[in-house]
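Asker: Here is the input, now give the coordinates:
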Amino acid sequence: MKHLITATLFICLAAPALAGFNGPSVTPPPQEIVDRFINDGSCDTIDNPDWENVWTGVELNANTRAHLIPCFLGAYNMVSKLILERRDDESDVSHFSVQHLAAYSSDRGWYARDQLVNASLDEKTGELSEFSKGRGIGDCGAHGRWEWTGFTFAMLEYAYEGECNGRLADEWPVIYQRTTARSTPAPETTAAAEGCAQAPYCEDRRYFKDWLASCRPAAPDGGRFCSANAYVHNTDAPAGYDYQLRISQARAGAPLRLSLIAVFEMMSRQDTVDIHVDDTRQILLAPDEIETPEAINDYFISSQTQTDFLIDAMRQGSEIRFDYTNEQGEPASASFSLSGLIASLLWIEEQAGNVAP
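Answerer: Residues are numbered from 1 along each chain as shown. Down below sits the predicted model:
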């Protein structure tokens, strides 16, 4: 029976150490990087110029580190920006980006911001948390927790108290809670004990810029499923993204398949799908040229010839865009960066036939 691929299927643990960074020691970003993000007009002058004394940094996986850089120090709140530092497996050059996360207030509702209040990062789990105090005794404000998914932070829980009425944080109304959140396995739980049945504990995984490449363990028939994956991120969504683009290979030498996975904006199967690479139309798919063989929101190009043509165009481009009509009859669109695609495809081609005994 076909099923709906839900967001929780793709929430993944950080990969084991690979090769992106040279050692376990996490150091603050260079001063010019800090200045770029702090001196953008959104931060007040930091009272303590020795910001490294209150900087926090953790390693999330072999390719990613997180930094909390102070933005403002007040009487009972410290405002920080969350900066991700990423590296390709084969490079020693770091790329930095500021992260936007969801927040809530009674006058604005849900909104995105690039600042966290009284934030902390757990060195062991990578969990992010914040506690924003409306006043010094902490009887109003907001507190939340986010889980590292392998590429971004997804919200686990958020509580909000708009009225300073004497209730402390553990009594505040929880306005969002992800009921399907996974938990980190206990230290004694091993891949062997799990039988390698549950991804990502037994996957080989590498990040190449905006793409995640992964290969599962070999199947009994010797085939090894590998895929290259890109995402349209949305920090307000429970899983942290709205769309996934996947190029997969069932085994070494098998043809590449391409599919678009829509988490919320389901596709109308009575309308065309227009696919552009760098604003040039590559393919206009008729409804009968789209397949959903296993999941009703996992849309494959049925023709292998068209698939090969599109992937060749993607190798030469910088962005791909899917324009379609959703189930409500409204136009929908999803765009993906192609930076890192070529390296990801080379890696999965190599790994598809590289199965450990």
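
Asker: how about low-confidence regions in the stretch 251-357 of the chain?
Answerer: 294, 353-357 (pLDDT under 70).

Asker: And the helices in it?
Answerer: For the stretch 251-357 of the chain, the helices defined by DSSP state H, counting those that start in this stretch cover 304-315, 341-352.

Asker: deepest of those helices, which one?
Answerer: helix 341-352 (a mean of 20; mean count of other Cβ atoms under 10 Å). Where C-beta positions appear, they are placed from N, C-alpha and C, glycine not excepted.

Asker: rewinding a little: looking at the helices of the stretch 251-357 of the chain, spot the one closest to residue 155.
Answerer: Nearest of the helices of the stretch 251-357 of the chain to residue 155, taken as Cβ to Cβ: helix 341-352 at 27.4 Å.

Asker: Can you name the residues in contact with that closest one?
Answerer: By Cβ atoms under 8 Å, 6 or more residues apart in numbering, the list of residues contacting helix 341-352 from outside reads 88, 90, 204, 206, 208-209, 211-215, 224, 226-228, 230, 247, 249, 251-254, 256, 311, 314-315.

Asker: 7 Å instead?
Answerer: 204, 206, 208, 211, 213, 215, 224, 226-228, 247, 249, 251-252, 314-315 (Cβ atoms under 7 Å, 6 or more residues apart in numbering).

Asker: same deal with stretch 106-115?
Answerer: Contacts to stretch 106-115, defined as Cβ under 7 Å, 6+ apart, come from residues 71, 79-81, 98-104, 162, 235-236.

Asker: So which of the contacts of helix 341-352 are in strands?
Answerer: 204, 206, 208, 211, 213, 215, 226, 227, 228, 247, 249 (DSSP state E).

Asker: Put together JSON lines for the helices of the stretch 251-357 of the chain, with distance to residue 286 on each row.
Answerer: Output for the helices of the stretch 251-357 of the chain, formatted as JSON lines (distance: least, Cβ to Cβ, whole Å):
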{"stretch": "helix 304-315", "distance to residue 286": "11"}
{"stretch": "helix 341-352", "distance to residue 286": "26"}
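
Asker: out of the ones you listed, nearest to residue 75?
Answerer: Ranking these by proximity to residue 75 (Cβ to Cβ) places helix 341-352 first, at 48.1 Å.

Asker: distance between that closest one and the chain's centre?
Answerer: 20 Å (Cα atoms, centre = their mean, to the nearest Å).

Asker: now the angle from it to helix 304-315?
Answerer: 120 degrees (axes from the mean of the first three to the mean of the last three Cα atoms, to 10 degrees).

Asker: ok, back up a step: which one of the contacts of stretch 106-115 has the most neighbours?
Answerer: Greatest neighbour count in the contacts of stretch 106-115, by other Cβ atoms under 10 Å, goes to residue 80: 26 neighbours.

Asker: and that residue, that's in a strand?
Answerer: Yes. Checked against DSSP: H, G, I helix; E, B strand; the rest coil, residue 80 lies within a strand.

Asker: Hmm, it is touching residue 69, no?
Answerer: Yes. The pair residue 80 / residue 69 is scored as a contact, 6.0 Å apart, by Cβ atoms under 7 Å.

Asker: Residue 146 reaches residue 156, doesn't it?
Answerer: Yes. Residue 146 is in contact with residue 156 according to Cβ under 7 Å; the separation is 6.2 Å.

Asker: Between these two, point out the one with more neighbours.
Answerer: Neighbour tally, residue 146 and residue 156, criterion other Cβ under 10 Å: the higher count belongs to residue 146, 26 against 18.

Asker: if I pick the more buried one, what's in contact with it?
Answerer: Neighbours of residue 146 in contact, by Cβ under 7 Å, 6+ apart: 101, 127, 128, 153, 154, 155, 156.

Asker: In the strand or helix carrying it, which residues are buried?
Answerer: Element membership of residue 146, judged by DSSP states H and E, is strand 141-148. Within strand 141-148, the residues scored as buried using 16 or more other Cβ atoms under 10 Å are 141, 142, 143, 144, 145, 146, 147, 148.

Asker: just to revisit the earlier point, dump the contacts of stretch 106-115 into TSV; add pLDDT and distance to residue 288 as well.
Answerer: What follows is those, written out as TSV (pLDDT from 0 to 100; distance: Cβ to Cβ, whole Å):
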residue	pLDDT	distance to residue 288
71	86	53
79	90	54
80	91	52
81	92	49
98	87	44
99	86	42
100	84	40
101	85	42
102	84	39
103	86	45
104	85	44
162	88	52
235	67	37
236	66	35
